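Colleague: Quick one: sequence and predicted model below, then my questions.
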Amino acid sequence: MQPSSLSPAWLAAGSCSPSEITQLDTHLAVLVESAAPSLLDIKGVGVATAATLLAATGDNPTRLRSDRSFAALCGSSPVDASSGRQLRHRLNRGGDRQANCALYLIVLNRLSWDQRSKDYVARRTAEGKTKKEVIRCLKRYVAREVYQAIMRDMADQVAPITTLKAFQRAA
């Protein structure tokens with residue numbers, strides 16, 4: 001299916017028929033699989049969450065210098081919320097909220113069937129963390145894993161032009 005075949009007529013109608021939704025889902029799956037195949041290999045990542053995370057990353061993932069910058073972009077980086085002798089972190093309210101939601105869905109997915117995640121939650125709650133804080137930590141781990149997968153896939157596709165001078169020489 002060509003991108004031009006996705007006419008804006010279905011946008012004007014305001015709703016899609018089930019066959020159109022299936023067709024769009026299939027097209028999205030093909031696009032995500034071609035853009036980032038290893039992203040779909042991560043436990044708990046489906047086509048919709050992968051598409052959301054790829055959209056948040058944008059067409060220039062090299063602007064993200066590390067997994068920390070990707071976590072900040074997704075709003076899953078820790079923010080210091082310490083007071084007095086109490087040392088703690090809270091959720092970052094900035095960043096792309098849809099990407100943050102995608103990370104949250106991945107974490108919830110893993111908490112329902114992944115034994116490592118269940119063990120992690122049990123261990124951290126035994127240490128005195130709340131479930132909300134443990135989910136924040138898990139989102140950070142998932143963001144690290146997603147960033148590494150996206151960078152692996154992007155490195156296989158295009159060699160980035162890192163400086164303006166190199167860009168000018170290439171033109």
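Modeller: Nice, thanks for sending it over. Residues are numbered from 1 along each chain as shown.
Colleague: any chance you could map the strands in this protein?
Modeller: Per DSSP state E, the chain has strands spanning 78-80, 89-91. These are given in chain order.
Colleague: Could you report the pLDDT at Thr52?
Modeller: In this model, Thr52 is scored at 95, pLDDT.
Colleague: Likewise for Arg169?
Modeller: Arg169 is assigned a predicted lDDT (pLDDT) of 61.
Colleague: do Gly44 as well
Modeller: The predicted structure scores Gly44 at 92 on the pLDDT scale.
Colleague: And Arg85, by the same measure?
Modeller: 72.
Colleague: What of the one 3 residues further on?
Modeller: Looking at Arg88, its pLDDT stands at 67.
Colleague: what do you get for Leu11?
Modeller: Predicted confidence (pLDDT) at Leu11: the value is 52.
Colleague: what about the residue nearest to Arg144 when sequence neighbours are not counted, neighbour count?
Modeller: Counting by C-beta to C-beta, 6 or more residues apart in numbering, the nearest residue to Arg144 once its immediate chain neighbours are dropped is Asp67, at 4.4 Å. (C-beta placed from N, C-alpha, C; glycine too.) Residues lying near Asp67 (other C-beta atoms under 10 Å) number 19.
Colleague: Please report how far Asp67 lies from Ala122.
Modeller: From Asp67 across to Ala122, the span is 25 Å (C-beta to C-beta, to the nearest Å).
Colleague: same check, this time on Gly75
Modeller: Counting by C-beta to C-beta, the gap between Gly75 and Ala122 amounts to 26 Å.
Colleague: And the two? Which one has more around it.
Modeller: When neighbours are counted by other C-beta under 10 Å, Gly75 comes out ahead of the other of Gly75 and Ala122, with 23 against 11.
Colleague: Show the contacting residues for the most centrally placed residue in the chain.
Modeller: Using C-alpha atoms, centre = their mean, the residue of the chain that lies closest to the mean C-alpha position is Leu53, 3.3 Å off. Shown in contact with Leu53 (C-beta atoms under 8 Å, 6 or more residues apart in numbering): 39, 45, 74, 99, 102-103, 146, 150.
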